[in-house]
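Colleague: Predicted model and sequence follow; I will ask about them next.
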Amino acid sequence: MSRNREGAIIGQLVFDGRDIDILEGDTLGASLMRAGVLMTRRSRSGEPRGLYCAIGVCHDCLVSLDGVRNVRACMTIARPGAKVHAGGTRDESG
Amino acid sequence: MPEGLAMKVVKHLVVVGGGPAGLSAATQAAQLGMTVTVVDEYGKLGGQYFRGRQGSDAAGSPRHFARETQGVQTLVNRVVVDTPADGVLSVWSEEQGVSTVPYDALVLATGAYDRTVALPGGTLPGVLTAGAASTLAKTYGVAPGRRVLVAGSGPFLLPVADDLTAMRCQVQVVEATPLSTSIGGLPIIARDMEITRQTLGYLLRLGRRRVRRMYGRMVTRIHGRDRVEGVTIHRVDEEWRPVPGSETTIEVDAVCLGFGFVPQLELAQALMCKVGYSEGTSDFFVKTDAFLRTSQAHVYAAGEVTGIGGVRVAIGEGRLAGLTAAYEAGLLNKTAYDAQAEKLARRLVRVRRLADWIRQAYRPRAGLWSLAEPDTILCRCEDVCMKSAEEALANNPATPYAVKTATRAGMGLCQGRICSPYLIEWLRARHGYRVPAEERPWRIRPPIRPVPLGDWLPAREA
């Protein structure tokens, strides 16, 4: 039976200026959701979007990672020190 | 001397998709002496089913595969992006860009993903597919919220609710299909000990944790500003049309939607394999014969791509596909093949019986295609709303391509994987569209997966 996993925190990433704990094996999306962050990007018309399919199909969780845009949060392993910004926002380039 | 045994050249089988079907095919073929390569887009083998069950060594699992085979090449973190020539796949990875993989025979075991439905509020953060909720809970120990609604149709809602309650979420289940349907299936379910035990386990645990289950009801609207705050639920008739005046509104933090699965058919389509469609259950699938041969020589298909059937069907089909591939490569004689194939086919008949009943009993009904309002998003990538789709049909025939061309729906990074299944059903239900025979009216041109242009263009010109 699955349990609320109590793995070791291996570091933090920074999401739009906020420190987020990373557990071993986390994707960016998993770390963000564990911290209660649901919105990971804004769509073309500015609507909030988040993790949806979590298996790399829908592309609704696109973030920027260390300056690289259009990274799928659900498929990308989270590394300590990563600078992540919500996709489709002005902060994304910074 | 039996024909084929004189051949000396060992044939190379490439299996696309390392889930239960693909690994079963790879195991079977490798044990019979084929050279086998498995290609998978994730970093770990196992597909969606074993992704959250990494410790399992059941049949079809990565552990079982590792134990039962030797020298099978596994190419992980790679997606097949093109079929540039007969017997060649183009494969992309972040590290290596585009490279080619030659094959003599091919097993398509590309799996499936959750069916998406357009409904008001359906794009809010906190709305996830049921499959996503399950993966996040089991693989990462993460839940999308404290109060979670699991809604849709079919037996998959139970394990998802189970996964979420194990994480101490407050879960409610809204099943669109009436309870009488599930009860009507008891004779079929009871014949299957494994499934009976599993289902009873879920129901007992959900009962003990006081999970509220509602039947014959559907989520018709999701509320919230920047994230999910609540839902409206309607009672529905047998065609899933909301009954006026029956609505209730409840507060939740997240919604997990599971209206069944759609197979990943893009690679089969790129290879010109014939595709079938079941009007009754709104399902596309790769056409195969009883031995898992597709319409293309030396191309076989197994698992969800041949029709959604779950893990047991996937394993059975994988084995049979691997066996057929090995036979056609000359690695066993006809007598041995016939005996083994018949045994595998007989077992498949038994596990397919329940899968077929499930697909039929919990199939999407007409009301599901009418929940969207004019400003409801159809295409998430390009932000196309239903009103735009409706307007596109004013001067065009009611086809998926007319909507795509006029609105850009399906032209984003998901390449229409999310919106096209809904678009096709909406056109059928609301605009009298008819799906053409032996074809899926949605093709993805290469690259059949999004690839950085800098990697794709040089490979194309080479």
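Modeller: It's in.

Colleague: Tell me the confidence at the residue in chain B positioned nearest to chain A?
Modeller: Residue nearest to chain A within chain B (Cβ to the nearest Cβ): B:Gly141, separated by 2.7 Å. To be clear about C-beta, it is placed using only N, CA and C from the backbone, and glycine gets the same treatment. The model reports B:Gly141 with a pLDDT of 95.

Colleague: and what of A:Ser2?
Modeller: pLDDT at A:Ser2 comes out at 36.

Colleague: For the residue of chain B closest to chain A, the count of nearby residues, please.
Modeller: Neighbours of B:Gly141 under the rule other Cβ atoms under 10 Å in any protein chain shown: 21.

Colleague: just B:Pro187 next, same as before
Modeller: There are 9 residues near B:Pro187, going by other Cβ under 10 Å.

Colleague: Over to B:Arg353?
Modeller: For B:Arg353, the tally of surrounding residues (other Cβ under 10 Å) stands at 13.

Colleague: Quick check, it in contact with B:Ile188.
Modeller: Yes: between B:Arg353 and B:Ile188 there is a contact at 6.8 Å, judged by Cβ atoms under 8 Å.

Colleague: residues from the stretch 101-250 of chain B in reach of chain A?
Modeller: Taking Cβ under 8 Å from any Cβ of the partner chain as the contact definition, the stretch 101-250 of chain B meets chain A at B:113-114, B:116, B:123-129, B:131-132, B:135-145, B:163, B:166-168, B:226-228.

Colleague: quick one: which helix or strand includes B:Ile233?
Modeller: strand B:230-235 (DSSP states H and E).

Colleague: I'd like to know which elements the first helix or strand past that strand going along the chain is packed against.
Modeller: Beyond strand B:230-235 in the direction of the C-terminus, DSSP H and E gives the next helix or strand as strand B:248-251. Strand B:248-251 sits against strand B:230-235, with contacts defined as 3 or more Cβ pairs under 8 Å, 6 or more residues apart in numbering or on different chains; DSSP states H and E.

Colleague: ok, residues contacting the strand it packs on?
Modeller: Applying Cβ atoms under 8 Å, 6 or more residues apart in numbering or on different chains, the external contacts of strand B:230-235 come out as B:121, B:149, B:151, B:174, B:214, B:216-224, B:242-243, B:246-252, B:255.

Colleague: Do any residues in the worst-scoring helix or strand of chain B on mean pLDDT lie close to chain A?
Modeller: Lowest mean confidence among the helices and strands of chain B (mean pLDDT, DSSP states H and E): helix B:453-461, at a mean of 84. No: against chain A, helix B:453-461 shows no contacts by Cβ under 8 Å from any Cβ, the least distance being 11.7 Å.

Colleague: Poorly predicted segments of chain A, please.
Modeller: A:1-6, A:93-94 (pLDDT under 70).

Colleague: ok, which stretches of it are strands?
Modeller: Ranges of strands in chain A, per DSSP state E, are A:9-15, A:18-23, A:39-42, A:48-50, A:62-65, A:68-72, A:83-86.

Colleague: Against which helices or strands is the fourth one packed?
Modeller: Here strand A:48-50 is seen to pack against strand A:39-42 when contacts are counted using 3+ Cβ pairs under 8 Å, 6+ apart.

Colleague: Same question for the second one.
Modeller: With contacts taken as 3+ Cβ pairs under 8 Å, 6+ apart, strand A:18-23 sits against strand A:9-15, helix A:28-34.

Colleague: Out of these, which is the most enclosed?
Modeller: Per residue and on average, the most neighbours among the helices and strands packed on strand A:18-23 fall to helix A:28-34, with a mean of 26 (mean count of other Cβ atoms under 10 Å in any protein chain shown).

Colleague: Can I get the strand holding B:Ile233 as CSV, trimmed to CA atoms?
Modeller: Extracted in CSV, the C-alpha atoms of strand B:230-235 (Å, rounded to 0.1, in the frame of the first residue of the first chain):
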residue,chain,number,x,y,z
GLY,B,230,-15.4,23.5,-5.9
VAL,B,231,-17.6,21.5,-8.3
THR,B,232,-21.2,21.3,-9.5
ILE,B,233,-22.5,17.7,-9.7
HIS,B,234,-25.6,16.7,-11.5
ARG,B,235,-27.6,13.5,-11.5
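
Colleague: circling back: could you check how far the residue of chain B closest to chain A is from B:Arg430?
Modeller: B:Gly141 sits 42 Å away from B:Arg430, going by Cβ to Cβ, to the nearest Å.

Colleague: Which residue is the nearest non-sequential neighbour of B:Pro155?
Modeller: Spatial nearest neighbour of B:Pro155, excluding adjacent residues (Cβ to Cβ, 6 or more residues apart in numbering or on different chains): B:Ile358 at 6.1 Å.

Colleague: cool, B:Ser99 as well?
Modeller: B:Val91 (5.8 Å).

Colleague: Tell me the residues on chain A that lie near chain B, please.
Modeller: A:1-7, A:23, A:25-27, A:29-30, A:33-34, A:38-40, A:43-45, A:47-60, A:62, A:70, A:74-75, A:77.

Colleague: Please check those and keep the buried ones.
Modeller: Buried residues within the residues of chain A next to chain B, counting neighbours by 16 or more other Cβ atoms under 10 Å in any protein chain shown: A:2, A:5, A:23, A:25-27, A:29-30, A:33-34, A:38-40, A:43, A:47-60, A:62, A:70, A:74-75.

Colleague: Number of residues surrounding B:Glu461?
Modeller: 6.

Colleague: Let me see the contact set for B:Glu247.
Modeller: Contacts here follow Cβ under 8 Å, 6+ apart; on that basis B:Glu247 touches B:Thr220, B:Thr232, B:Ile233, B:His234.

Colleague: Please enumerate the strands of the stretch 201-350 of chain B.
Modeller: B:212-215, B:217-223, B:230-235, B:248-251, B:254-258, B:261-263, B:275-278, B:283-286, B:299-301 (DSSP state E, counting those that start in this stretch).

Colleague: Give me the residues contacting the second one.
Modeller: What it means is strand B:217-223. Outside strand B:217-223, the residues that touch it by Cβ under 8 Å, 6+ apart are B:119-122, B:124, B:127, B:149, B:151, B:174-176, B:228-236, B:240, B:242, B:247, B:249, B:255, B:257, B:367-368, B:371.

Colleague: likewise the first one?
Modeller: Counting by Cβ under 8 Å, 6+ apart, strand B:212-215 makes contact with B:Gln172, B:Val173, B:Val174, B:Glu175, B:Thr177, B:Pro178, B:Leu179, B:Ser182, B:Leu206, B:Ile233, all of which sit outside it.

Colleague: Please identify the deepest-packed of the strands of the stretch 201-350 of chain B.
Modeller: strand B:299-301 (a mean of 29).

Colleague: follow-up on the earlier one: show me the contacts of strand B:212-215 that map onto strands.
Modeller: B:Gln172, B:Val173, B:Val174, B:Glu175, B:Ile233.

Colleague: can I get those in TSV with distance to A:Val84?
Modeller: TSV is the format used below for these (distance: Cβ to Cβ, whole Å):
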residue	distance to A:Val84
B:Gln172	32
B:Val173	33
B:Val174	34
B:Glu175	37
B:Ile233	35
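
Colleague: my guess is B:Leu331 meets B:Leu32, correct?
Modeller: Yes: B:Leu331 is in contact with B:Leu32 according to Cβ under 8 Å; the separation is 4.8 Å.

Colleague: Can you get me the start-to-end distance on stretch B:180-197?
Modeller: Distance across stretch B:180-197, first residue to last, is 20 Å (Cα to Cα, to the nearest Å).

Colleague: try stretch A:29-49
Modeller: Span of stretch A:29-49 from end to end, Cα to Cα: 12 Å.

Colleague: and if you look at stretch A:29-42?
Modeller: Start-to-end, stretch A:29-42 (Cα to Cα) is 15 Å.

Colleague: Could you do stretch B:254-267 as well?
Modeller: 34 Å.
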